[in-house]
Structure formats: structure tokens, C-alpha cells
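give me the fold of what follows.
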Amino acid sequence: MELRELGQTGYNVSVIGLGTVKFGRNSGVKYPIDFDLPGDREIVELFSAAREQGINFLDTAPAYGLAEERIGTLLPDPRGWIIATKVGEIFENGVSAFDFSAAAIRRSVERSCRLLRRDYLDLVLVHSDGRDLDIIENSDAFQTLRELKQLGDIAAFGLSGKTVAGGLAALEQSDAVMVTLNADDQSQLPVIEAAAAAKKGVLIKKAFDSGHLADPATLTDIARTPGVHSIVVGTLNPDHLAANCRAVDPG
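Numbering: from 1, shown residues only. The predicted structure is shown next:
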């Protein structure tokens with residue numbers, strides 16, 4: 001699996017990253033087919049399959065229910081894994097709640113470190129509720145993450161956003177962005193292009209539009225997009241994971 005330098009973060013991430021929402025949450029999600037949460041053994045086997053494919057990057061979030069806790073407990077050998085998590089959103093009692101205050105950001109980072117069993121976090125993304133610019137310009141989120149980076153509690157930060165304007169603003173103040181890109185949604189290409197010019201990290205979400213698209217060949221085109229570093233794909237099926245990896249690394 002090809003590794004790509006994630007902007008100027010110093011991290012080299014696999015072109016395919018493993019998304020973990022299905023590790024800990026199966027309600028209030030947009031997948032077309034219902035699923036049960038996997039057992040511990042199933043997750044451990046998926047980690048092993050990912051490692052065999054050369055994957056070294058995991059994406060998670062507090063809003064993914066039990067995902068962070070299960071990663072911290074079940075990841076067989078945490079060495080060599082790069083983990084991105086998020087702040088700003090939690091999911092409790094079937095609904096999402098957003099809080100971008102300094103206190104909430106600090107609590108979230110502390111909790112993620114504890115659950116993931118890490119001394120510091122590799123990459124923290126603000127989990128936007130869609131108000132990207134308002135969060136960046138009028139909340140404490142970015143300033144707090146900047147301070148936590150200076151303290152060494154996190155190594156890099158950025159935005160998992162929903163708008164072009166928000167993505168462009170985030171690139172001016174942070175290390176990386178996570179944006180949607182798939183066969184049906186190319187709207188974030190200006191953000192990817194700007195990130196490439198600024199040498200900032202780019203992670204791709206919703207490459208399969210939360211399961212509504214299915215052809216692994218779409219990953220080939222996304223991986224060839226200049227500026228893209230890693231495509232986060234969530235699956236519980238090792239065969240699907242292998243097919244996704246072949247789409248970007250057929251050799």
C-alpha cells in the first residue's frame with residue numbers, strides 16, 4: 001500500500017484508511033442497510049486484515065459511539081498506527097449534540113486520549129455540524145486546538161467540514177481537511193486544489209456516499225486526484241477492504 005505524506009504533519013498515511021463508525025454506532029446513520037455492531041473478535045480480525053493490506057491509518061470520533069473505546073481496547077499492536085479523531089460532536093440517546101466551546105474541546109481531547117490509550121492525539125478534526133465558517137470564526141474550537149498543539153496534547157488539527165468556504169478557511173489556519181468526494185459529489189474539488197497548493201493534508205470521506213455507491217473502481221479515480229492523501233472507507237468485511245485496497249494498489 002502506498003503511503004503519502006499528509007501535508008506538513010510529518011505523518012505518512014496509507015492511501016486507504018479504515019473508518020470505524022461501524023465499530024460503535026448503528027443508529028442514526030445513513031447507510032442503506034441495517035447492521036449489527038461487530039463482536040470483539042470480528043474487529044480484531046479486521047485490524048489484522050487492514051495491517052496485511054498495508055493500512056496504517058484509522059479514522060474515528062466520539063460521535064461514533066463505542067468506536068474509540070473499542071479501538072483502544074482491541075487494537076492488537078498500536079505501534080505504527082496513525083489515528084485521527086474528532087471534537088465538537090457527541091451522539092447520545094439517539095441524537096447528536098454539538099459543542100465547540102473551549103471547555104468541551106479540551107474535555108473531548110482528554111477523553112479521546114484516555115479511550116484510545118494514547119499520550120497524545122495524532123490528528124484532531126473539528127466535526128462540523130455544517131456551520132463551518134461560523135465554527136472557525138466565532139467559536140473557540142480552532143484556537144483551543146492550536147493551544148493544545150502547542151502543549152503537545154495533539155500533533156495536528158483541522159476540519160471535517162461540509163462547505164467549500166469552510167474548507168478554504170480551515171486550510172488557512174490548520175493542518176488538514178476532511179472533505180467529501182465521490183462519483184456523485186465533486187463540489188469539494190476547489191478545497192482539494194487549494195490544499196495541494198498550500199501543501200496541507202487532505203482526507204476523503206463518503207467515497208461510497210455512506211454505502212449508496214458500491215463500485216471500488218471509484219477509489220481509483222479519487223486516489224489519482226492531485227492533493228488527496230488518504231481515502232477513509234468504513235467496512236466490517238475483510239473481502240470488501242481487500243477489494244478497496246486493490247482498487248488503489250493493484251500491484
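
flag every buried residue along the host helix or strand of S48.
Following DSSP states H and E, one finds S48 within helix 40-52. For helix 40-52, the neighbour count (16 or more other C-beta atoms under 10 Å) marks 42-44, 46-47, 49-51 as buried. All C-beta atoms are positioned from the backbone trio N, CA, C, and that covers glycine.

what's the first helix or strand after that helix?
With secondary structure assigned by DSSP H and E, helix 40-52 is succeeded by strand 57-59.

what's in contact with that following strand?
Strand 57-59 has contacts (C-beta atoms under 8 Å, 6 or more residues apart in numbering) with 13-14, 16-20, 71, 81-85, 178, 203, 205, 230, 232.

same check, this time on stretch 46-53
1, 16, 18, 38, 74-76, 235-236, 238, 241-242, 245.

so which of the residues you listed wins on neighbours?
The most crowded member of the contacts of stretch 46-53, judged by other C-beta atoms under 10 Å, is I16 (29 neighbours).

between the contacts of stretch 46-53, which is nearest D122?
Proximity of these to D122 (C-beta to C-beta) peaks at L75, which lies at 13.2 Å.

state the distance from the closest one to L133.
35 Å (C-beta to C-beta, to the nearest Å).

same check, this time on G161
9 Å.

how about D215?
Distance from D215 to L133, by C-beta to C-beta: 34 Å.

please apply the same query to A183.
Using C-beta to C-beta, we find A183 at a distance of 27 Å from L133.

returning to that earlier point: D215 and L133: which has the busier surroundings?
L133 (16 against 11).

which ones are touching that one?
163, 165-166, 169.

now with 10 Å, please.
161, 163, 165-170 (C-beta atoms under 10 Å, 6 or more residues apart in numbering).

L133: which element?
helix 132-138.

and the most centrally placed residue in the chain, how far from L133?
The residue lying closest to the centre of the chain (C-alpha atoms, centre = their mean) is D59, at 3.7 Å. With distances taken as C-beta to C-beta, D59 is found 23 Å from L133.

check R79 too.
R79 is 38 Å from L133, by C-beta to C-beta.

before we move on, what about D185?
Taking C-beta to C-beta, one finds D185 at 20 Å from L133.

repeat that for V232.
23 Å.

same question, K206
Distance, K206 to L133, by C-beta to C-beta: 21 Å.

and if you look at I231?
26 Å.

avg pLDDT for stretch 73-81?
The pLDDT scores in stretch 73-81 average 88.

alpha carbons only: can I get that stretch in PDB?
This file holds the C-alpha atoms of stretch 73-81, laid out as PDB (Å, rounded to 0.1, in the frame of the first residue of the first chain):
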ATOM      1  CA  THR A  73      -9.100  -2.000  23.800                       C
ATOM      2  CA  LEU A  74      -8.800  -4.100  20.700                       C
ATOM      3  CA  LEU A  75      -6.100  -2.700  18.500                       C
ATOM      4  CA  PRO A  76      -3.600  -5.600  18.800                       C
ATOM      5  CA  ASP A  77      -0.400  -3.600  18.300                       C
ATOM      6  CA  PRO A  78      -0.900   0.200  18.400                       C
ATOM      7  CA  ARG A  79       2.600   0.900  17.200                       C
ATOM      8  CA  GLY A  80       2.700   2.300  13.700                       C
ATOM      9  CA  TRP A  81      -0.900   3.200  13.500                       C
END
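
low-scoring stretches of the stretch 1-150 of the chain, by residue?
Where the stretch 1-150 of the chain drops to pLDDT under 70, the residues are 32.

could I get the full set of strands for it?
Secondary structure of the stretch 1-150 of the chain (DSSP state E, counting those that start in this stretch): strands located at 3-5, 12-14, 16-19, 57-59, 82-87, 89-92, 95-98, 123-127.
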